[in-house]
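Student: next comes the sequence, and after it the predicted model I'd like to discuss.
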Amino acid sequence: MDLLSRFQKAIIDGDADAAAAIAEDITRVAEVRPDAIINSLSGAMETVGGKYETGEYFIPEMLRSAEAVEKALSLLDPYLFERRRDFSGVIVIGTVKGDIHNIGKNIIVSALRASGYEVHDLGVNVPAGKFVDRVKEVNADLLLLSAFTTSTKQALVEVLTALEEAGLRGRVKVVSGGAAHSEELARDVGVDAFASDVKSTLAVCRELLGKRGH
Amino acid sequence: MNPRDRFAAVIAGEQPDFVPVIPVLDGYFAPRLTGRKNDECWLDGACMAAALAEGLRRLGCDGVVAEMGLGENPNVLGCPLEVRGHQVPLVVDTLVNGPEDLTKVKVPDPWAEGKMEPVQQLVEAAGDSVVIGSVRSPFEFAATVRGLIGFMTDFYGNPGLVRDLIDACFPATITLGLALAGSGVDALVIKDSFASSSMISPGHYLEFAFPSEAEAVKELGGKLPVILHVCRNSLPILPDMARTGAAVLEIDSPVDLIKAREAVGSAVVLKGNIDAVGVIEKGSRADVESAVRAALEAAKPGGRFILSTGDSIPSSAPEENVAALVEFGREFGKY
Ligand code: B12
């Protein structure tokens, strides 16, 4: 198996030590293109998400893979940073006010980092103003809102209104998702897109960022 | 038969007059239903007891759930809670972040400062209706004080800590369960919300959740009938849940009742499994009717069935749908 295939396997198996060792090899050999690294990490997290959707993996297995990604990235970050001219996009993400579900969001954060995005994770129970401040501060391309449906609908609307009031709604695309979040709800509150799992989230982000025109 | 006789008959394996209707009416729905605020009720046990008693009367169902989430909320073992207005309470921080914090898990004294009084008030006010005392399993306590992500990350990273933490939480389940029993409730529900195959593999269930769950059922089951609740998809672990010796298994909406019965045999009582969100909160009256009919068709024959929601009635559910659940439950639940 080549280096990147072994890297992918280590992430999928959730073997953080192996992933870290391979990450170090990658930086030593210094021949692997950043794009290839990102593609392999991103593909690994997509596979992990797929295994969860089909019932082969459960939450502990996904968390284990997410940990392996974070560990590998912490070692690879300087290497990638030196070689890349541009991040593929700046993303602010968080779980809205009144909601503390964070498992799904954290998996998404790891998958986004693995895909080469600069991700600012604000955590859970995040008030609208905090989202707006960070979007402004880091000049985010995308704002991802995690929210389960019922009592957090209002919180979603509040974030959109606050963005509007700050004059940022035209500048940042907003995507929502989360446990029990429906496409219908997303349409109702007026976000730009909705995603229901790792794969669709990565696809939606790619698509929206592709439309940025740079 | 009054509600309590009806419930007792089902537990004894006899045929009652009607299928008992005991939706999970607890601290999530009762405050809003009765025009109270969550923050008032979650911080003041007497308010919650009044809300639950009034909710029970208003809906005319056979029973209600007495949460230990009264007053200082011993059911989170001291984790910081944020409670605001109509919002449901949020556990906003963890208590245990590593082995060094194990000693922070303190079993509350349920009899201190009149903490059990609201439960006694509820039992009194409920009259002939069934009051089910609710307590978390050691596994669920452990997940709560550690935080679900840290807890489940430890399954692979530090399984010893998972076991030690569950052991540290075990006395809390027993102590709070016994206190509820001593306050006059009719049955106990042990909640093991995170043990299902929607969250962890059946192998991890057997390894981490099952041992202390079975032990808790054994200890508390000596006092009162124990209902074992696992959220979402429990089908793969149902035979093991039955092995704990629980009198009743509470089945959530993703599980087919016919398959559940096949999985557990005829001895145990099943309670379920109307979708609390999709049908009760979001559905129409017609949705409630067809869900109730389907559940009764599947599980009423042969007895040993209690009609219920699969999980807690959500705070914002419309009252009409819960009332319809009771109405159709009576209409189609006659033996
Ligand atoms: C674990 C859990 C909890 C834990 C959360 C702990 C934690 N640290 O996260 C605790 C116990 C705290 C909890 C509390 C409550 N919960 Co809860 N919870 C769940 C449960 C069982 C699993 C959620 C989960 O983590 N799934 C696993 C992850 C991987 O899946 P996911 O979150 O869907 O994430 C995936 C996608 O949605 C997507 N995604 C996730 N986030 C994002 C964000 C973006 C931007 C995008 C694009 C995509 C995306 O990618 C992920 C990977 O595939 C679900 C039931 C279920 N099976 O879904 C209920 C559930 C979400 N909870 C529910 C409810 C009602 C509550 C409570 C109100 C109490 C209650 N009655 O249970 C409180 C509310 C607390 C609050 N205000 O936040 C309901 C929501 C119903 C609704 N439609 O409104 C559910 C569906 C259960 C139910 N049927 O009743 N809960």
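Tutor: Right, received. Where do you want to start?

Student: and after the longest helix anywhere in chain A, which helix or strand comes next?
Tutor: Residue-count comparison of every helix in chain A, with assignments taken from DSSP state H, identifies helix A:59-83 as the longest. From helix A:59-83 onward toward the C-terminus, using DSSP states H and E, the following helix or strand is strand A:90-95.

Student: partners of that next one, with directions?
Tutor: Strand pairing for strand A:90-95, determined by DSSP bridges: strand A:118-121 (parallel), strand A:142-146 (parallel).

Student: is it true that B:Val185 touches B:Ser129?
Tutor: No: counting by Cβ atoms under 8 Å, no contact exists between B:Val185 and B:Ser129, whose distance comes to 11.2 Å. (Glycine included, C-beta is placed from N, CA and C.)

Student: which one's more surrounded, the two?
Tutor: When B:Val185 and B:Ser129 are compared on other Cβ atoms under 10 Å in any protein chain shown, the one with more neighbours turns out to be B:Val185, at 27 against 22.

Student: Provide the backbone phi and psi angles at the more buried one.
Tutor: The phi and psi values for B:Val185, taken as degrees, to the nearest 10, are phi -70, psi 160.

Student: can you pull the contacts of it?
Tutor: Shown in contact with B:Val185 (Cβ atoms under 8 Å, 6 or more residues apart in numbering or on different chains): B:Ala66, B:Val119, B:Val123, B:Val131, B:Ile132, B:Gly133, B:Leu224.

Student: what about those residues, which are in helices?
Tutor: When DSSP H is applied, the contacts of B:Val185 are split such that B:Val119, B:Val123 fall in helices.

Student: which of the contacts of B:Val185 fall in strands?
Tutor: Of the contacts of B:Val185, the ones assigned to strands by DSSP state E are B:Ala66, B:Val131, B:Ile132, B:Gly133.

Student: and which of these is nearest to A:Glu46?
Tutor: Proximity of these to A:Glu46 (Cβ to Cβ) peaks at B:Ile132, which lies at 43.7 Å.

Student: wait, what's in contact with the closest one?
Tutor: Applying Cβ under 8 Å, 6+ apart, the residues near B:Ile132 are B:Ile22, B:Gly63, B:Val64, B:Val65, B:Ala66, B:Val185, B:Asp186, B:Ala187, B:Leu188, B:Val189, B:Ile227.

Student: tell me, how many residues neighbour the residue of chain A found nearest chain B?
Tutor: With Cβ to the nearest Cβ as the measure, the residue in chain A that lies nearest chain B is A:Pro60; the distance is 4.1 Å. A:Pro60 has 22 neighbouring residues, counting by other Cβ under 10 Å.

Student: surely it is in contact with B:Gly150?
Tutor: No: the pair A:Pro60 and B:Gly150 fails to qualify as a contact (Cβ under 8 Å) at a distance of 11.3 Å.

Student: for the contacts of B:Ile132, which one is nearest the ligand?
Tutor: Nearest to the ligand among the contacts of B:Ile132: B:Val65, at 11.9 Å, using Cβ to the nearest ligand atom.

Student: identify the bridge partners of that closest one.
Tutor: For B:Val65, the beta-bridge partners are B:Ile132 (DSSP bridges).

Student: count of neighbours near it?
Tutor: Counted with other Cβ under 10 Å, the burial measure for B:Val65 works out to 29 neighbours.

Student: who's in contact with it?
Tutor: By Cβ under 8 Å, 6+ apart, the neighbours of B:Val65 are B:Val24, B:Leu25, B:Asp26, B:Gly27, B:Leu52, B:Val131, B:Ile132, B:Gly133, B:Ser134, B:Val189.

Student: ok, 7 Å please
Tutor: B:Val65 makes contact with B:Val24, B:Leu25, B:Asp26, B:Ile132, B:Ser134, B:Val189, according to Cβ atoms under 7 Å, 6 or more residues apart in numbering or on different chains.

Student: up against the ligand, what does chain A have?
Tutor: A:49, A:59, A:98-105, A:107-108, A:144-146, A:148-150, A:175-180, A:195-198, A:201 (Cβ under 6 Å from any ligand atom).

Student: give the ChimeraX command for selecting the buried subset of these.
Tutor: ChimeraX command restricting those to the buried ones, with burial defined by 16 or more other Cβ atoms under 10 Å in any protein chain shown:
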select /A:49,59,98,99,101,102,103,104,105,107,108,144,145,146,148,149,150,175,176,177,178,195,196,197,198,201
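
Student: from the ones in strands among the contacts of B:Val185, which is closest to B:Ala267?
Tutor: Distances from the ones in strands among the contacts of B:Val185 to B:Ala267 were compared by Cβ to Cβ; the smallest belongs to B:Ile132, at 20.4 Å.

Student: how about the residue lying closest to B:Val277 once chain neighbours are set aside, what does it touch?
Tutor: The shortest distance from B:Val277 to any residue other than its chain neighbours is 6.1 Å, reached at B:Pro314 (Cβ to Cβ, 6 or more residues apart in numbering or on different chains). Under the criterion of Cβ under 7 Å, 6+ apart, the neighbours of B:Pro314 are A:Thr150, B:Tyr28, B:Phe29, B:Ala276, B:Val277, B:Glu281.

Student: next, the fourth one: phi, psi?
Tutor: Taking degrees, to the nearest 10, you get phi -70, psi -30 for the backbone angles of B:Ala276.

Student: how about the contacts of B:Val65, which pair is most distant?
Tutor: The largest distance within those, taken as Cβ to Cβ, falls between B:Leu25 and B:Val189 and amounts to 12.1 Å.

Student: what about residue 152, how many neighbours?
Tutor: Went with chain A since none was named. When neighbours are counted by other Cβ under 10 Å, A:Thr152 registers 26.

Student: was after chain B, sorry
Tutor: Neighbourhood size, B:Met152 [other Cβ under 10 Å]: 26.

Student: does chain A have contacts with the helix or strand containing it?
Tutor: In the assignment (DSSP H and E), B:Met152 maps to helix B:148-157. Yes: between helix B:148-157 and chain A, judged by Cβ under 7 Å from any Cβ of the partner chain, the touching residues are B:Leu148, B:Ile149, B:Met152, B:Thr153, B:Phe155, B:Tyr156.

Student: name the nearest residue to the last one, ignoring sequence neighbours.
Tutor: Right, the one you point to is B:Tyr156. Ranked by Cβ to Cβ, 6+ apart and with sequence neighbours excluded, the top spatial neighbour of B:Tyr156 is A:Arg64, at 4.9 Å.

Student: do the third one as well
Tutor: With Cβ to Cβ, 6+ apart as the measure, A:Pro60 is the residue that lies nearest to B:Met152, at 4.5 Å, once sequence neighbours are left out.

Student: quick one: pLDDT of that neighbour?
Tutor: Model confidence at A:Pro60, expressed as pLDDT, equals 98.
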